[in-house]
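**Q** Mind looking at a prediction? Sequence and model below.
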Amino acid sequence: MLERLNQALDHLESRLDQEIDMAEVARIAAVSEYHFRRLFSALAGMPLPVYVRRRRMTLAGSEVLAGELTLLDVAVRYGYGSGEAFARAFRSVHGIGPGEARRTGAVLTAQPRMSFRVVVEGSTTMRYRIVEKEPFRVLGRKARVPLVHEGPNAAATAHVQSLDERTVLRMKSLPGLEPAGVLSAVVYLSDRREEGVEADYWIGVVTVPGTTAGELDALDVPAGTWAVFDNHGPYPSALQDLWRDVFTQWFPSNPYTSRPGPELLLTSPVEIGAETGSQLWVPVERGGGR
């Protein structure tokens with residue numbers, strides 16, 4: 001799979017001075033566009049559009065300094081319909097406008113070409129199983145929170161603490177399905193996964209479709225396949241490491257791709273840094289190309 005990802009990046013690189021069809025790039029990687037964007041973000045540490053903009057501005061920067069083309073010609077070459085839009089993108093990467101950069105011969109910022117490779121790091125193993133689930137409903141409370149990749153998520157913690165005992169008891173009284181018990185669910189609002197991007201964060205229970213509880217919010221989830229990962233370690237760092245490893249190690253090594261849907265997490269509440277067991281459910285589908 002890594003070979004296909006690198007072939008897709010080569011194709012993308014060859015189209016930096018043209019309109020890029022991301023669906024075609026994903027087809028070369030033999031995954032869906034949704035999964036390609038998500039996998040790239042996890043592997044690269046930045047969203048795909050940010051990488052494309054940085055690469056374009058790296059190439060554009062060298063042409064700006066060379067002085068052989070007008071600034072408008074450089075802007076048009078890299079897909080910008082106006083000098084103003086090009087200048088904004090240029091400044092966002094280089095911290096200086098293209099006109100000033102050309103006049104002063106400024107030092108610019110370069111985004112190197114990216115490629116992926118396998119790095120063997122010892123004896124880490126991942127315990128997982130594949131589960132086919134019928135449609136289900138999550139009943140609970142939701143809040144919009146920013147993603148946090150390392151350390152406690154203050155907004156998520158505040159949401160949990162806002163739930164009164166009556167609400168939690170109401171959740172526990174509902175007819176449950178696997179994964180059983182009060183859990184959290186994250187619904188991503190886009191394919192972006194960088195720090196600070198907002199997502200819907202649920203605390204609730206998995207129950208049968210059609211179940212109602214007037215005071216609780218409802219999230220209906222269609223039937224699908226889930227990869228279920230068991231985890232044990234200090235909270236929350238072990239879970240954050242697991243999520244990273246799922247996307248940077250497990251997906252590239254297995255014939256599955258991610259698909260839209262909530263990620264479910266069943267864990268025992270503990271103090272920060274305490275050991276706890278957890279179960280992470282990630283929506284997947286069988287992928288091609290392997």
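**A** Noted; the coordinates are in hand. Everything quoted here is computed from the prediction, not taken from an experiment.
**Q** Following the chain past the helix or strand containing residue 257, name the next helix or strand.
**A** Assessed by DSSP states H and E, residue 257 sits inside strand 256-258. Scanning forward in sequence from strand 256-258 by DSSP H and E, the next helix or strand is strand 263-267.
**Q** Name every strand pairing with whichever helix or strand comes after that next one and say which way it goes.
**A** Counting by DSSP H and E, the next helix or strand C-terminal to strand 263-267 is strand 275-286. According to DSSP bridges, strand 275-286 forms sheet pairs with strand 224-234 (antiparallel), strand 256-258 (antiparallel), strand 263-267 (antiparallel).
**Q** To residue 84, which of these lies closest?
**A** The closest approach between residue 84 and any of these, judged by CB to CB, belongs to strand 256-258 at 37.0 Å. All C-beta atoms are positioned from the backbone trio N, CA, C, and that covers glycine.
**Q** Show residues contacting the closest one.
**A** For strand 256-258, contacts defined as CB atoms under 8 Å, 6 or more residues apart in numbering pick out 31-32, 34-35, 38-39, 130, 225, 227, 247, 251, 282-287.
**Q** For it, give the mean pLDDT please.
**A** Strand 256-258 carries an average pLDDT of 87.
**Q** one step back: the strand holding residue 257: how far from the chain's middle?
**A** 13 Å (CA atoms, centre = their mean, to the nearest Å).
**Q** Would you mark the buried spots in that strand?
**A** The neighbour-count check on strand 256-258 (16 or more other CB atoms under 10 Å) flags 256-258 as buried.
**Q** how about the helices in the stretch 51-200 of the chain?
**A** 71-77, 83-94, 98-104, 154-161, 165-172 (DSSP state H, counting those that start in this stretch).
**Q** Serialize those to TSV and add fields for distance to residue 21, mean pLDDT and mean neighbour count.
**A** What follows is the helices of the stretch 51-200 of the chain, written out as TSV (distance: least, CB to CB, whole Å; pLDDT from 0 to 100; neighbours: other CB atoms under 10 Å):
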stretch	distance to residue 21	mean pLDDT	mean neighbour count
helix 71-77	18	93	18
helix 83-94	20	92	18
helix 98-104	27	91	16
helix 154-161	36	90	14
helix 165-172	45	91	14
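**Q** wait, doesn't residue 183 sit right on residue 206?
**A** Yes: between residue 183 and residue 206 there is a contact under CB atoms under 8 Å: 7.0 Å.
**Q** okay, the two: which has more neighbours?
**A** Each of residue 183 and residue 206 has its neighbours counted (other CB atoms under 10 Å); residue 206 has more, 27 against 22.
**Q** and that one, what does it touch?
**A** Going by CB under 8 Å, 6+ apart, residue 206 touches 136-138, 176-180, 183, 264.
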